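# Quick one: sequence and predicted model below, then my questions.
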Amino acid sequence: MDILLVASAFNSLSQRVFAELSDRGHRVDVVLAAHGAEAVRAAVSESRPELIIAPMLKTALPDDVWREHTCLIVHPGPPGDRGPSALDWAIAEDASHWGVTVLQAGAAMDAGDVWAAESFAVPPVGKSDLYRNEVSDAAMAAVLLAVQRYADGSFKPSSQNDPAIRVVWRDFFRQERRRIDWENDSTETVLRSLRAADSQPGVLDELLGREVFLHGGAPEDQLRGHPGDLLATRAGAVCRATRDGAVWILELRPRKSSGDPSPFRRPAAPVLASFPASLGTTTGSERPPRSGDRPAGLPEVTAPLELPSERKTWTDIRYRCHGDVGFLAFSFPGGAMSTSHCHRLLAAYRYALTRPTSVLVLGGSRDFFSNGIHLNVIEASADPAGESWANLNAMNDLVEAVLRTTDRLVVAALGGNAAAGGVMLALAADEVWCRDGVVLNPHYRRMGLYGSEYWTYSLPRRVGSETAQRLTTDAVPVSAASAARIGLVDRLVPASVREFPDEVERMAAALAAAPGLGRRIAVKAAARRTDEGRRPLAEYRRAELARMHTVFFDPHAPYHALRSAFVRKLPHGSARPLSTAGGQVAGGVR
């Protein structure tokens, strides 16, 4: 079937729908609604789709398009739910269960006939995490069912005028509803507000005299202070006191009207440290001076790498050992890894190598595995080229450490999506285990980059030179199932996001107990020596970095404009259209 996807952004769900429909033999084209109604009309005229699907749409389809074609809208709410802020309301109102509905576009928003619907339990996570996982799983199941029903031609969609469907209109969730009352709100209330706004639009607040949006929230079980006080920093996050406890705020986004040259999300403590010293206070008293990446008056309170299970505090890197298996878990907002993230994860990896285990699992948590270098931190830097270079070298150091590990098996367990250098970090491991439903983007081209992280070594040795060339040149998302078929992934894990960590632990224990593990490790070490003799890893790194250095330090290279547009969420004129047939579609995607 010829299917056209119309999306406001080619986000995680749009990519998954594209990849999984393509896997099933459909010809799938994409157009970005952000390029306007005429771009949508042109794409419809050119691709002549049998069916139009909108996996993520913030604006209405042109009337003539939905009147002349069957257009299915993916709404992140159960049947009867209407309005533009479905997930925000679900989290803010502490819903235990929620749903996704595929409905037909019509004159009224979210009021069309229902083609399919799926429900799911709502865990205590941020909106973006929920969207990329439980919502994505439910949406994909509903889309596949709706497409099957449309193809069959015999299904009659159910009307939302059916009295059995409870219709609820929920208005746009405005900042007035999100505002935190630090003097009176409980920790749980604060966390719900933060989770309902993550990653967009954030919670508008004031810190050190500046209006900022707060992003990300996690509870703190020990630090305490006067409600609203900033208490400490940790690995770029800041801790703030509530009425009955404290929370960690992971990222801040300065308000555009503040005049800040970097009005986009990045680690909270460096944002605070960047504010002029004459601005604001923490709680009405004199503001502490700045120092490096955090306000000097705030202590850096670290958390142990092997955090006791009873602790309820935030940390982005954890290690634990169970029998003969070590687990090094990490979770960075948006999957982006700054220079500091890479340095700290490398130190944790080296610690893990000192533990007496035969299997080491990297990742294994929900949400992103890694998306490579941190473009937001780079864009905010006084020297973006220099920071790009430092960040890439730090990623290379981490990947090289994994590649050179020869005394145990290393497993990369991907419970969430990965892209660019994050995929190459996974490929450095001996085995890659991937949750069914994950989307991989093993390429750099759409950011105007050649790539590094030893991809010229790791990718061809897994999938062959021809497939490696195609993956990096076509630059299209790859489903977990396709990745397994071409050898990019070793084991596909058919588990829900909630079940994935337990399944990884079971699989890792079985791997550690398998007969012949010692021989397999010895064979691995011998293969590494042979590969090193054939062409040293240092040569791969040198060749890749030479090409990347040229791009980073050329102020006219497309990378700089693409990076700026990406972090500011702006469409970019050089975007290449996307189609499984290789054709050109109006509007295109980044």
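Happy to help now that I have it. Numbers count the residues shown, from 1 in each chain.

# Does anything pack onto the helix or strand containing Leu87? Which helices or strands?
Taking DSSP states H and E as the criterion, Leu87 maps to helix 86-92. If contacts are counted by 3 or more Cβ pairs under 8 Å, 6 or more residues apart in numbering; DSSP states H and E, helix 86-92 sits against strand 97-104, helix 127-130, helix 187-196. For every residue, glycine as well, the C-beta is placed using N, CA and C.

# at 7 Å instead, please
helix 127-130, helix 187-196 (3 or more Cβ pairs under 7 Å, 6 or more residues apart in numbering; DSSP states H and E).

# Which parts of the helix or strand just after the shortest one count as buried, going by neighbours?
Elements were assigned by DSSP H and E; along the chain past helix 127-130, the next helix or strand is helix 136-152. By 16 or more other Cβ atoms under 10 Å, the buried positions in helix 136-152 come out as 136-147, 149-150.

# any idea which of the residues you listed is the one closest to Arg491?
Relative to Arg491, the closest of those is Asp137; by Cβ to Cβ it sits at 18.8 Å.

# you'd agree Val44 is up against Val65?
Yes. With contacts counted by Cβ atoms under 7 Å, Val44 reaches Val65, the gap being 5.8 Å.

# Tell me which of the helices and strands packed on helix 86-92 sits most buried.
Sort the helices and strands packed on helix 86-92 by mean neighbour count, taking mean count of other Cβ atoms under 10 Å, and helix 127-130 sits at the top with a mean of 23.

# For the most far-flung residue of the chain relative to its centre, give me the pLDDT.
Distance from the C-alpha centroid of the chain, by Cα atoms, centre = their mean, peaks at Pro163 (38.7 Å). Pro163 is assigned 88 on the pLDDT scale.

# which SS state does it fall under?
Judged by DSSP: H, G, I helix; E, B strand; the rest coil, the three-state class of Pro163 is coil.

# and what of Ala108?
Strictly by three-state DSSP, Ala108 counts as coil.

# And the pLDDT for it?
pLDDT recorded at Ala108 is 92.

# For it, the count of nearby residues, please.
A total of 9 residues lie near Ala108 under the criterion other Cβ atoms under 10 Å.

# For it, give me phi and psi.
Ala108 adopts backbone torsions of phi -100, psi 140, taken as degrees, to the nearest 10.

# ok, now Pro515?
Main-chain torsions, Pro515, degrees, to the nearest 10: phi -60, psi 140.

# Report the separation between Val361 and Ala43.
Distance, Val361 to Ala43, by Cβ to Cβ, to the nearest Å: 43 Å.

# same deal with Gly126?
To Ala43, Gly126 is 33 Å away according to Cβ to Cβ.

# One more: Ser85?
Ser85 is 28 Å from Ala43, by Cβ to Cβ.

# When those two are compared, which one has more neighbours?
Ala43 (29 against 19).

# Quick check on Lys156: phi, psi?
According to degrees, to the nearest 10, Lys156 has phi -110, psi 110.

# List the contacts of it.
Contacts here follow Cβ atoms under 7 Å, 6 or more residues apart in numbering; on that basis Lys156 touches nothing.

# Per-residue pLDDT of Pro289, please?
44.

# my bad, Val504
At Val504, pLDDT is 97.

# is it true that it touches Ala412?
No. Contact criterion Cβ under 7 Å: Val504 and Ala412 do not qualify, at 10.4 Å.

# So the closest residue in space to Glu251 that isn't next to it in sequence versus Lys58, what's the distance?
Closest residue in space to Glu251, ignoring its immediate chain neighbours: His215 at 4.1 Å, by Cβ to Cβ, 6 or more residues apart in numbering. Counting by Cβ to Cβ, the gap from His215 to Lys58 is 19 Å.

# on that earlier part again, turn the helices and strands packed on helix 86-92 into TSV, including mean pLDDT.
Shown next, in TSV, are those (pLDDT from 0 to 100):
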stretch	mean pLDDT
helix 127-130	97
helix 187-196	98
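
# export these to JSON lines and tack on distance to Ala37?
Below are the helices and strands packed on helix 86-92 laid out as JSON lines (distance: least, Cβ to Cβ, whole Å):
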{"stretch": "helix 127-130", "distance to Ala37": "28"}
{"stretch": "helix 187-196", "distance to Ala37": "31"}
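
# Show me the one of the ones you listed that comes nearest Pro571.
helix 127-130 (20.4 Å).

# contact partners of the closest one?
Leu87, Asp88, Ile91, Val122, Arg195, Ala196, Ala197, Asp198, Ser199, Arg366, Asp367.

# go again using 6 Å as the cut-off
Residues from elsewhere that reach helix 127-130 (Cβ atoms under 6 Å, 6 or more residues apart in numbering): Leu87, Ile91, Ala196, Asp198, Ser199, Asp367.
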